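Undergrad: Provided below for reference: sequence and predicted model.
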Amino acid sequence: MQPLRIALAQLAPQLGLLDANFARHHELLVEARAAGAGLIVYPELGLTGYHLQDLAAEVAMRADDPRLLALAAETVGCSAVVSFVEESTDHRLFIAAALLEDGGVRHVHRKLYLPTYGLFDERRFFAAGDALRAVPSRLGLGVGLAICEDFWHLHVPAVLALDGAQILVNVASSPGRDVAAVNAGGLGTAVSWRTLLRTYAQLTTSVVVFCNRVGVDESVSFWGGSMVLGPSGDVIAEGPLYDEALVLADVPVADVRRERIGLPLLRDERPELLVRELGRIVAERAGLAEDGTATPSSR
Amino acid sequence: MQPPGMQPPGDPGAALFELPAELAIDTGIARRVLAAFIRAQLRQAGFERAVLGLSGGIDSALVAFLVAEAIGADRLLCVLMPYRDSSPASRADAEHVVLRLGCPSELVEITPIVDGYFGDAGVPGAGGVEALEASALRRGNAMARARMLVLYDRSVTWRGLVVGTGNKTETLIGYTTLFGDSACAFNPIGDLYKSQVRQLSATVGVPEAIIRKAPSADLWPGQTDEAEAGFSYPQLDRLLYWMIDKRRNDEELAAMGFEPAMVDRIGQMVATSEFKRQVPPVAKLGPRTPGVDYLYPRRRPGSARR
């Protein structure tokens, strides 16, 4: 299998300016294709900017919006992941990421976990997605999409890998915070993300792609640091902190097979066990079954 | 990156100030973030220039250096606004910063504005006879607001945004004047404690004399913040860090060695000044109320300035 060249478009979207952001996406698509990229990944809400608040409804589009289709039309012979505010037919607004391939929209993932704590207020403005699916891709590999906070929930990469993903793509608008000097690399957020991305690559024996935006929305600065990791957790390419960049990574996709043969973690997964125990926990939480969990207070 | 509690040899900050280990920041990252933040705030608002009040103290000096680093000194206007009994040393320090940066500056005496209200030498001003006896606190607040008035007027003539210079310590304990020194278009150092302001100042080139001297609101001759409050900034910063950032309760703070009386007093100052950190509430009557359920980013499409 030929190595796959992945391009990470670590850009700074302009808040609420759809036309300018679409234009930038087109430019970078051309640039990435000229550089030989087979997969181009843009950050979360790259087409709209992050801190939208009530602007969300004004920049929302349907998954078949002509502007999105025009961008998709440029993906003949390549794949791209773009992110925008999706409005459903029943007028719910989602933070969405779409896999565009061979001229069309191949798959849309709606953000499952909307952080509404600390500096985040997403649930106020958006609906949460309900589906988590890996999809086959023209790349010859299964692709699993996730958006930022989705990766702070362990089962997301696990389910995507079980569902056939060999590449996990997380698009993010992660605000940098905690500049305490004790952090390796100087930024607490970056340390946390690198740790979990590496862990996911190793535990799912998958390629992990992380594209995080840069730039400033209101108080927060997005830290970039986009990266591509191989299925053994090795960092193949890493973008700069805080600066715009088109980061190129050559991924030896044959490594996925090699890793999974040598380290058959996925083979040994026990989804039926997981479903059984989760079913029990859900029933207990709903009061439909006696709580058999040993907690200090229940003894 | 520096390990906590240590100053690498040759660090210009060594021995200049006390830096509690848990408060040490990566100044390289902080500078990059702040430079980009300053540029973004101006660009998104449609401005290319900035204006700030330079007091001679460390906070405004640091912000001046940061803004100059971000956009160039020629696009920063520093306004020196002494009152007649302001410390001449402060003014000299401010002039030193201007000289060091090579930025445009202006001297605007606020004495006629303040005295025009409170009166002078027994002659009442616009505030009437009673105002002749105004406390130092009232006068200090009026001075801060007079400076705000000047800065927002210069903001128009200079065509630049007013940059805030308040630090996190004074913001949290409410040691600010509402609509005075806290008034600004944006603030680059509002999430830095005083100790961190000192650490960052030492790396951007703020003159040593300014870093070393005792912080003062200069409300009366010889006043210092620390003498007035009764504790040092490193002590106060550490307490606020554990109390606010790390959510430790009174019991936990006591177990860490913080004096319960100080914890009480600071906790009360923080609680009492909550209103100073928030936009005033608007009475909810209509379907959509600014600040309540009409929520937009400050800079957005449709703005005439874009």
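TA: Everything's here; your move.
Undergrad: Buried residues in the longest helix anywhere in chain B, which are they?
TA: For chain B, the helix with the greatest residue count under DSSP state H is helix B:136-158. Buried residues in helix B:136-158, defined by neighbour count with 16 or more other Cβ atoms under 10 Å in any protein chain shown: B:139-151, B:154-155, B:158. Any C-beta I mention is one placed from the backbone N, CA and C, and that applies to glycine too.
Undergrad: where do the helices sit along the stretch 51-200 of chain A?
TA: With helices called from DSSP state H, counting those that start in this stretch, the stretch 51-200 of chain A shows them at A:56-59, A:66-73, A:122-125, A:155-162, A:188-204.
Undergrad: ditto for chain B
TA: Using DSSP H, helices in chain B cover B:27-45, B:58-71, B:88-101, B:111-118, B:136-158, B:168-173, B:194-204, B:208-212, B:225-229, B:233-240, B:250-255, B:260-272.
Undergrad: Turn these into TSV, including mean pLDDT and distance to chain A.
TA: Formatted as TSV, the helices of chain B follow (pLDDT from 0 to 100; distance: least, Cβ to the nearest Cβ, whole Å):
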stretch	mean pLDDT	distance to chain A
helix B:27-45	95	4
helix B:58-71	98	12
helix B:88-101	97	24
helix B:111-118	98	32
helix B:136-158	97	20
helix B:168-173	97	13
helix B:194-204	97	9
helix B:208-212	95	18
helix B:225-229	82	24
helix B:233-240	96	13
helix B:250-255	97	19
helix B:260-272	97	19
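Undergrad: Ok, which of those comes nearest A:A98?
TA: helix B:27-45 (27.2 Å; Cβ to Cβ).
Undergrad: now for that closest one, which elements pack on it?
TA: strand A:214-217, strand A:220-223, strand B:49-53, helix B:58-71, strand B:160-162, helix B:194-204 (3 or more Cβ pairs under 8 Å, 6 or more residues apart in numbering or on different chains; DSSP states H and E).
Undergrad: Could you measure from the spatially most central residue of chain A over to chain B?
TA: In chain A, the residue lying closest to the centroid (Cα atoms, centre = their mean) is A:N170, at 1.8 Å. Per Cβ to the nearest Cβ, to the nearest Å, A:N170 is found 23 Å from chain B.
Undergrad: Surely that residue is in contact with A:F151?
TA: Yes. When contacts are counted by Cβ atoms under 8 Å, A:N170 is listed as touching A:F151 (5.0 Å).
Undergrad: what is in contact with those two at once?
TA: Common contacts of A:N170 and A:F151, defined by Cβ atoms under 8 Å, 6 or more residues apart in numbering or on different chains, comprise A:L197.
Undergrad: Close to chain B: what parts of the stretch 1-150 of chain A are there?
TA: A:15-17, A:51-55 (Cβ under 8 Å from any Cβ of the partner chain).
Undergrad: if we can go back for a sec, now mean neighbour count and mean pLDDT too, for the helices of the stretch 51-200 of chain A, in a markdown table please.
TA: Shown next, in a markdown table, are the helices of the stretch 51-200 of chain A (neighbours: other Cβ atoms under 10 Å in any protein chain shown; pLDDT from 0 to 100):
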| stretch | mean neighbour count | mean pLDDT |
| --- | --- | --- |
| helix A:56-59 | 17 | 97 |
| helix A:66-73 | 16 | 98 |
| helix A:122-125 | 16 | 98 |
| helix A:155-162 | 20 | 98 |
| helix A:188-204 | 19 | 96 |
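Undergrad: Make CSV from these and add distance to B:T165 to it.
TA: Below are the helices of the stretch 51-200 of chain A laid out as CSV (distance: least, Cβ to Cβ, whole Å):
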stretch, distance to B:T165
helix A:56-59, 34
helix A:66-73, 43
helix A:122-125, 32
helix A:155-162, 43
helix A:188-204, 26
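Undergrad: Would you mind listing the outside residues contacting stretch B:259-273?
TA: B:172-174, B:176, B:231, B:235-236, B:239-240, B:243-244, B:250, B:253-254.
Undergrad: Return the distance of that stretch from the chain's centre.
TA: 21 Å (Cα atoms, centre = their mean, to the nearest Å).
Undergrad: Quote the end-to-end distance of stretch B:211-231.
TA: 18 Å (Cα to Cα, to the nearest Å).
Undergrad: Buried ones in that stretch, by neighbour count?
TA: Neighbour-count burial for stretch B:211-231 [16+ other Cβ under 10 Å]: B:211, B:215-219, B:223, B:225-226, B:229.
Undergrad: and if you look at stretch B:193-211?
TA: B:193-207, B:210-211.
Undergrad: now swap in stretch A:29-44 and tell me
TA: Those would be A:29, A:32-33, A:37-44, for stretch A:29-44 by 16+ other Cβ under 10 Å.
Undergrad: These into TSV, with extra columns for secondary structure and pLDDT?
TA: Output for the buried residues of stretch A:29-44, formatted as TSV (DSSP: H, G, I helix; E, B strand; the rest coil; pLDDT from 0 to 100):
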residue	secondary structure	pLDDT
A:L29	helix	98
A:A32	helix	98
A:R33	helix	97
A:A37	coil	98
A:G38	coil	98
A:L39	strand	98
A:I40	strand	98
A:V41	strand	98
A:Y42	coil	98
A:P43	coil	98
A:E44	coil	98
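Undergrad: Just give me the closest of these to A:L203.
TA: Comparing these against A:L203 with Cβ to Cβ places A:V41 closest, at 21.3 Å.
Undergrad: Show the contacting residues for the closest one.
TA: A:6-9, A:80-81, A:169, A:171, A:209, A:211, A:226.
Undergrad: Can you name the two of the residues you listed that sit furthest apart?
TA: Farthest pair in those, by Cβ to Cβ: A:A80 and A:S226, 14.7 Å.
Undergrad: How about stretch A:234-241 and chain B, touching?
TA: Yes. For stretch A:234-241, a contact with chain B is found by Cβ under 8 Å from any Cβ, at A:L241.
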